[in-house]
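Trainee: Provided below are the primary sequence and the corresponding predicted coordinates.
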Amino acid sequence: MSNYTCTGIFVAFLLCLLSSSIYASETNQDIKKLLEEDRYEEAISKMELLPRKDTISSARVLNALGWAYLKLGNYQKAKDNLQASYELAKKLDNQEVAVISSNNLGILAYLENDLEKAEKYFYIGKRKNSRTALTYLDLIEKKNRNIRFQEALLNGIDLRRKQDFKGAIGNYEKALSIQPNDAATLEYKGYALLRDGQHDLSVKTLDKAKTLDPTRKFVYLNLVKAYCMLQSDQDVQQSIIESSLEIDEFVQWYAADSEFRKMCSNSTYISELMNDYEPNE
C-alpha cells in the first residue's frame, strides 16, 4: 500500500474516531484539538493523566491513545491500548467502540504485514458494515493476490533457469490466472513454450505480450526464433520490421546468442540479412 493511500485512510478514520468520541470537558476538547493537529505526543501526555474507569469514555480514550501511539510508530504501546479498549468495549457491550478499536488493531496488524491477523480484526468491523474494515479487507485481498502472483512468477523463473520448461509454464499460468494481462509473464511463458517445442502456442502468447507492451524488445527476438522454428520466413521478416529496432540489435543478438543461430539456421531471410548487413558508421 502506498503512503498516500495509507495516509488517506488514516485521516478518514481519525475523523470518524473523533466524531464518535465524547469530548465534554475542556481537557478533552484540548485533546481533540491536539489529535486533529497531529500533535500526538502532547495528546498522549494529557490522555495518560486521565483516570481509568470501566466506562465507554475510558474505552474511547484507550482507543485514542492506541491510535496516537500507532501514528508515532510505537506499535507495542499502540497494541496494548487498543487491545484494552477493545476488551473494555466488549465488556460494556458497546459495539461502536469495539468496531473502532478492532479496526485500529487491524490497521496495526496490516502495517506489520500480519495479514491473517489483520483480516480477523477487520471481519469484526465487516459484520457492522464498517467502511474502514471493508476498505482494508479489499486491500488485504489485493496484497494476498500480489503475493501469490509474485510467488508463482518467481517459481517459474527459477524452473526456467533449471531448464524445467514444463514446470515453468505451469507456474507462469498460475501467475497469469491472477494477472492475465501481465506482459512480462506472457513474455516469459512464450519463451518457455518455445523451448518446450510448442511453437504455435509460443507465437500466440508472445503476440499477446507484444500487443500489451510493444516496447518489450525480447518479445520480438523470441517471435523471430519461434517463426524460424515454424519455417515461416515471411513472419520472421515481419516481426523484425514490426519491432522498430535497428538491424544492429538483431545482428548483435545473432552473434552472441547460439540459440538464435541454431533455431534460425534454416532461415533464408536471416542468413541473407546477416550476410548482407553493413554496420552503420
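Mentor: Alright, I've got the coordinates.
Trainee: and K217, what is it in contact with?
Mentor: By Cβ atoms under 8 Å, 6 or more residues apart in numbering, K217 lies in contact with 243, 245, 249. (C-beta placed from N, C-alpha, C; glycine too.)
Trainee: Give me the pLDDT for it.
Mentor: Looking at K217, its pLDDT stands at 94.
Trainee: And it, how close does it get to Y75?
Mentor: Counting by Cβ to Cβ, to the nearest Å, the gap from K217 to Y75 is 45 Å.
Trainee: try D235
Mentor: D235 is 58 Å from Y75, by Cβ to Cβ.
Trainee: cool, and Q231?
Mentor: 63 Å.
Trainee: ok, these two, which is more surrounded?
Mentor: Y75 (15 against 12; other Cβ atoms under 10 Å).
Trainee: Name all residues that make contact with the more buried one.
Mentor: With Cβ under 8 Å, 6+ apart, Y75 has these contacts: 69, 108, 111-112.
Trainee: Hmm, L221 is touching V251, no?
Mentor: No - here L221 lies out of contact with V251, judged by Cβ atoms under 8 Å, at a distance of 11.9 Å.
Trainee: neighbour count winner among those two?
Mentor: L221 (23 against 14).
Trainee: Tell me where the model's unsure across the protein.
Mentor: Low-confidence segments of the chain (pLDDT under 70): 1-27, 278-281.
Trainee: Identify the single longest helix in it, thanks.
Mentor: The longest helix of the chain (DSSP state H) is helix 131-161.
Trainee: Flag every buried residue along whichever helix or strand comes after that helix.
Mentor: Per DSSP states H and E, the first helix or strand lying C-terminal to helix 131-161 is helix 165-178. Going by neighbour count (16 or more other Cβ atoms under 10 Å), the buried part of helix 165-178 is 165, 167-172, 174-176, 178.
Trainee: Tell me the one of those residues nearest K262?
Mentor: F165 (16.1 Å; Cβ to Cβ).
Trainee: before we move on, back to that, now rank the contacts of K217 by neighbours and give me the top one.
Mentor: S243 (20 neighbours).
Trainee: What separation is there between it and E249?
Mentor: 8 Å.
Trainee: quick one: contacts of stretch 169-176?
Mentor: Contacts with stretch 169-176, where a contact means Cβ under 8 Å, 6+ apart, come from 148-149, 152-153, 155-156, 159, 182, 185-186, 188-189, 192-193, 196.
Trainee: Mind checking which of those residues are buried?
Mentor: 149, 152-153, 155-156, 159, 182, 185-186, 188-189, 192-193.
Trainee: Redo those as TSV? Include distance to E36.
Mentor: Shown next, in TSV, are these (distance: Cβ to Cβ, whole Å):
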residue	distance to E36
F149	39
A152	45
L153	44
N155	48
G156	49
L159	54
D182	42
T185	46
L186	49
Y188	50
K189	52
A192	56
L193	58
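Trainee: nearest to L139, of those residues?
Mentor: F149 (15.4 Å).
Trainee: Quick check: that closest one touching A184?
Mentor: No - judged on Cβ under 8 Å, F149 makes no contact with A184 at a distance of 11.2 Å.
Trainee: out of everything not next to it in sequence, what's closest to Q237?
Mentor: Y269 (5.2 Å; Cβ to Cβ, 6 or more residues apart in numbering).
Trainee: who does the helix or strand hosting Q234 touch, helix- and strand-wise?
Mentor: Assigned by DSSP H and E, Q234 belongs to helix 233-243. Where contact means 3 or more Cβ pairs under 8 Å, 6 or more residues apart in numbering; DSSP states H and E, helix 233-243 is packed against helix 217-229, helix 247-256, helix 268-276.
Trainee: This completes my enquiry, with thanks.
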